[in-house]
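>>> could you work out the structure for the sequence below:
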Amino acid sequence: MSAVMIDEYPTQLFETNIFKNFTQNDFNDKFHIDEISGIKMDEAAVSVGQLLKNHKLLDLLGVCNIHNHFHLKENEIVLAKASVANDNDSISHFDINMTSPSYLHLKATNLDSNMHPVPYMWAYDKQSKMFFALQFFDGSNKEMKDRFQKLTERSESLINFYQEFVQLAENLGLEDNLGIYLLYADIINKKLSTEEFREITDTESREQWVYTTPADKFKQSIPTHWTFSADCDGIIEVVCMQMCSNKTGTYHDRVHHKLG
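Numbering: from 1, shown residues only. Below is the predicted model:
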């Protein structure tokens, strides 16, 4: 499979030499969600969060446990779109307790020349020692475009963070697992302390929905996203568990707690 020919990075980021172009092979080679259940990431995520704090990137980036739920075909990417919820949405039959005014819809999508997707989640490739985009936001989303632009403007901080990130990931043996992402939860719902973010995946149609529900507790969960407060003593954690329904897929749920 050849690389998707998209203009992923402005010159300022491309010239940092820490990003490589996206390929479906790189995406497909990442661990499936079922393969990361035994990997403990909390302490590693906090360590990366400290690096983000040191390099003044906490307001833009979080840490993620890299995985996929399905494979991509040639010329496909995972594209995320923020949508306003209504009664006719396909999401409505998954959870009647949806509380967010908006939700995120992710889908394996064929690229065309009119698309200008914004990379927002990056995995690390230990062979090339470079980051590559794992997922993309719809290019019409102004907030995510603005955040990506701010990240571009902090390219020097990003390079310094990258150098320490690589060393940390290698020391921990987690090069295949640790990743970073542009913060996006507030686009769905700003009430992060009282709501949980749930992601549901339909592996047959290869699409996902992320939305909030009233806070609750779930068993057999796998943390997958971490977002830190400005002083790095708090954490918002996305966790993942297998669905108990007739749909094929997984849940991700976000809970807020204080680190001791």
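
>>> which strands and helices sit next to the longest helix seen in the chain?
Taking DSSP state H as the criterion, the chain has its longest helix at helix 155-172. In terms of contacts (3 or more CB pairs under 8 Å, 6 or more residues apart in numbering; DSSP states H and E), helix 155-172 is packed against helix 11-14, helix 42-54, strand 118-125, strand 178-182. Glycine gets a C-beta too; all of them are placed from N, C-alpha and C.

>>> repeat that with 10 Å
helix 11-14, helix 42-54, strand 61-65, strand 118-125, strand 130-137, helix 142-153, strand 178-182 (3 or more CB pairs under 10 Å, 6 or more residues apart in numbering; DSSP states H and E).

>>> list the buried residues in the shortest one.
Under the neighbour-count criterion of 16 or more other CB atoms under 10 Å, helix 11-14 has 13-14 buried.

>>> my read: L52 touches Y162, true?
No. In this structure L52 lies outside contact range of Y162 using CB atoms under 10 Å: 11.3 Å.

>>> any stretches of this protein with poor pLDDT?
The model of the chain has pLDDT under 70 over residues 1-6, 85-101, 190-196, 214-221, 230-260.

>>> just the terminal-to-terminal distance for stretch 32-43.
21 Å (CA to CA, to the nearest Å).

>>> do the same with stretch 64-75
Span of stretch 64-75 from end to end, CA to CA: 25 Å.

>>> which stretches of the stretch 151-260 of the chain form helices?
Remark: helices assigned in the stretch 151-260 of the chain by DSSP state H, counting those that start in this stretch are 155-172, 185-188.

>>> and of those, who's closest to H105?
helix 185-188 (10.6 Å; CB to CB).

>>> now do the buried residues in the closest one.
Buried, per 16+ other CB under 10 Å, within helix 185-188: 185, 187-188.
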